[in-house]
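Here's my sequence, what's the structure:
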Amino acid sequence: MTRRHEVLAEMGLAPVWRLRRSHQGGPASEPVVPAEAAIRWIEIKQAVPACTACALHKTRTQTVFGVGDEQADWMLIGEAPGAEEDRLGEPFVGQAGKLLDNMLAAIDLKRGENVYIANVLKCRPPGNRNPEPGEVEKCTPFLKQQIALVQPKLIIAMGRFAAQTLLASDATIASLRGRVFRYEGVPLVVTYHPAYLLRNLPDKAKAWADLVFARKTMAAL
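Have a look, this model is predicted:
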């Protein structure tokens, strides 16, 4: 233990050790100091609403940061806020949110309990249009910080833009499903976005298969 960690221990802030995966996929233990993590969460939660890095800040009602267990094993990442998310400030609400809650319940999960949910973009694109490359570029650092702080055991990328952003790929969802990828050493699986499933009901069966695959992947970690 370093002197710094000894001091933190004396203050009642001893590091919490969590098992993480290295970039090569091997196990690597790294300390997560609660006080430091708390400060970083505060900083990013203040930085996101103050962000004016792209033009989306001009049309948003409010930013949509993320919600859930900040030490969750499961992290779900969507694309961008819609109208309801922009109004309420929470990701995956409305009909898409109800569907997501049902999807989570199907694999014995619940919003806020060992699950953290975020989007690639923190501001709603006008008219729910697709995110533009420059907007993704400006907003991705916030998402990277969220992933680093949560330290999930498994990431589920929901939708094309989430998958393509995290995997730095232009591949289709269909070609990415059913495989385990890694983002910064964290296992990642891909599935459809709930909003897409509301418009394409036959693909709900495929999304269910993806969730079963994700559950098996988590169980094997």
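
where's Phe213 relative to Gln146, distance?
Distance of Phe213 to Gln146, computed by C-beta to C-beta, to the nearest Å: 24 Å. (Glycine included, C-beta is placed from N, CA and C.)

Comparing the two, which shows the higher neighbour count?
Using other C-beta atoms under 10 Å, the more surrounded residue of Phe213 and Gln146 is Gln146, with 24 against 17.

So that one is in contact with Gly66, correct?
Yes. Counting by C-beta atoms under 8 Å, Gln146 does reach Gly66; the two are 5.8 Å apart.

From Gly185, how far off is Cys123?
Separation of Cys123 from Gly185 (C-beta to C-beta): 29 Å.

Gly97 too?
For Gly97, the distance to Gly185 (C-beta to C-beta) stands at 29 Å.

Comparing those two, which residue is more hemmed in?
More neighbours surround Gly97 than the other of Gly97 and Gly185, with 20 against 14 (other C-beta under 10 Å).

The more buried one contacts Pro194, doesn't it?
Yes. If you go by C-beta under 8 Å, Gly97 and Pro194 touch, sitting 7.4 Å apart.

Name the residues of the strand or helix carrying Ile42 that are buried.
In this structure, Ile42 is located in helix 34-50 according to DSSP states H and E. Neighbour-count burial for helix 34-50, counted by 16 or more other C-beta atoms under 10 Å, picks out 37, 44, 48.

which residues touch stretch 137-153?
With contact meaning C-beta atoms under 8 Å, 6 or more residues apart in numbering, stretch 137-153 is reached by 18, 20, 32, 37, 40-41, 44, 47-48, 51, 53-54, 66, 70-75, 77, 116, 118-123, 155, 165, 183-184, 186-187, 218, 221.

Show me the shaky parts of this protein.
Scanning the chain for pLDDT under 70 picks out 1-33.

and the residue most central in space within it, what is it in contact with?
Centroid-nearest residue in the chain, with C-alpha atoms, centre = their mean: Ile77, separated by 3.5 Å. Residues near Ile77 by C-beta under 8 Å, 6+ apart: 117-120, 143, 155-158, 162, 166.

Apply 10 Å and report the result again.
66, 91, 116-120, 143, 146-147, 152, 155-159, 161-163, 165-166, 183, 188 (C-beta atoms under 10 Å, 6 or more residues apart in numbering).

Could you check which helix or strand contains it?
For Ile77, the host element (DSSP H and E) is strand 74-78.

And for Leu188?
Of the helices and strands defined by DSSP H and E, Leu188 is found in strand 186-191.

Give the other helices and strands that that strand contacts.
strand 16-21, strand 74-78, helix 133-150, strand 154-158, helix 160-167, helix 173-176, strand 181-183, helix 204-220 (3 or more C-beta pairs under 10 Å, 6 or more residues apart in numbering; DSSP states H and E).

In a markdown table: these, plus distance to Arg111.
Below are the helices and strands packed on strand 186-191 laid out as a markdown table (distance: least, C-beta to C-beta, whole Å):
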| stretch | distance to Arg111 |
| --- | --- |
| strand 16-21 | 22 |
| strand 74-78 | 9 |
| helix 133-150 | 15 |
| strand 154-158 | 13 |
| helix 160-167 | 17 |
| helix 173-176 | 23 |
| strand 181-183 | 22 |
| helix 204-220 | 14 |
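
ok, back up a step: excluding sequence neighbours, find me the nearest residue to the residue nearest to the centre of the chain.
Leaving aside its chain neighbours, Ile77 sits nearest to Ala162 (4.8 Å; criterion: C-beta to C-beta, 6 or more residues apart in numbering).
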